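Engineer: Got a sequence here, can you model it:
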Amino acid sequence: MSTFVFRLEAPRPNFALDMTDEERQVMARHAAYWQPFIDSGQMVVFGPVLEQTGSWGLGVIEAEDEDELRQFAAADPVVTTGTGNIEIGKMLAGFVRPA
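Structural biologist: So this is what the prediction gives:
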């Protein structure tokens, strides 16, 4: 199993703080879309990161098949609606605290 880091680029710096109702609905669908990975324990962490320069989304996930994971991410409601873009990087090595 490999570990991947997702970075969700929002459409504007203050997106997490000033979403429209429509954007809030898309983000709710986005969270529900990834829920199976959260439920299975594959998703290590998932949520918004707030910085002085703005916000972005972070996901760290364990998966067997990188291509399948990339296809799944490409069908995320955030991507398909043009609300944001997801970048994916594969971690080469890392350390995780014991559960």
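
Engineer: Enumerate every residue touching the residue most central in space within the chain.
Structural biologist: The centroid of the chain falls nearest to residue 59 when counting by CA atoms, centre = their mean (4.4 Å). Contact analysis of residue 59 by CB atoms under 8 Å, 6 or more residues apart in numbering lists 5, 6, 8, 34, 43, 45, 46. Backbone N, C-alpha and C define where each C-beta goes, glycine included.

Engineer: low-confidence ranges in this structure?
Structural biologist: 94, 96-97, 99 (pLDDT under 70).

Engineer: gap between the longest helix along it and the chain center?
Structural biologist: When the chain is parsed with DSSP state H, its longest helix is helix 21-40. Its chain's C-alpha centre and that of helix 21-40 lie 9 Å apart, by CA atoms, centre = their mean, to the nearest Å.

Engineer: Kindly indicate whether residue 88 is helix, strand or coil.
Structural biologist: For residue 88, the assignment made with DSSP: H, G, I helix; E, B strand; the rest coil gives strand.

Engineer: Correct me if wrong: it contacts residue 6.
Structural biologist: Yes: between residue 88 and residue 6 there is a contact under CB atoms under 8 Å: 5.6 Å.

Engineer: Common neighbours of those two, please.
Structural biologist: By CB under 8 Å, 6+ apart, the residues touching both residue 88 and residue 6 are residue 73.

Engineer: more neighbours, the two?
Structural biologist: Taking neighbours as other CB atoms under 10 Å, residue 88 and residue 6 compare with residue 6 leading, 19 against 15.

Engineer: For that one, which residues are in contact?
Structural biologist: Listed by CB under 8 Å, 6+ apart, the contact partners of residue 6 are 57, 58, 59, 60, 61, 73, 86, 87, 88.

Engineer: you'd agree it is in a strand?
Structural biologist: Yes: per three-state DSSP, residue 6 lies within a strand segment.

Engineer: how near is it to residue 59?
Structural biologist: 4 Å (CB to CB, to the nearest Å).

Engineer: List every C-alpha atom in stretch 45-57, with coordinates, as CSV.
Structural biologist: Provided in CSV are the C-alpha atoms of stretch 45-57 (Å, rounded to 0.1, in the frame of the first residue of the first chain):
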residue,chain,number,x,y,z
VAL,A,45,-6.4,13.1,7.5
PHE,A,46,-8.8,15.2,5.5
GLY,A,47,-9.8,18.9,5.8
PRO,A,48,-9.1,22.6,5.2
VAL,A,49,-5.8,24.2,6.0
LEU,A,50,-6.0,27.9,6.9
GLU,A,51,-2.9,30.0,6.3
GLN,A,52,-2.3,33.8,6.3
THR,A,53,-2.3,33.7,2.5
GLY,A,54,-5.5,31.7,2.2
SER,A,55,-6.9,28.3,2.5
TRP,A,56,-6.5,25.0,0.7
GLY,A,57,-7.6,21.4,1.3
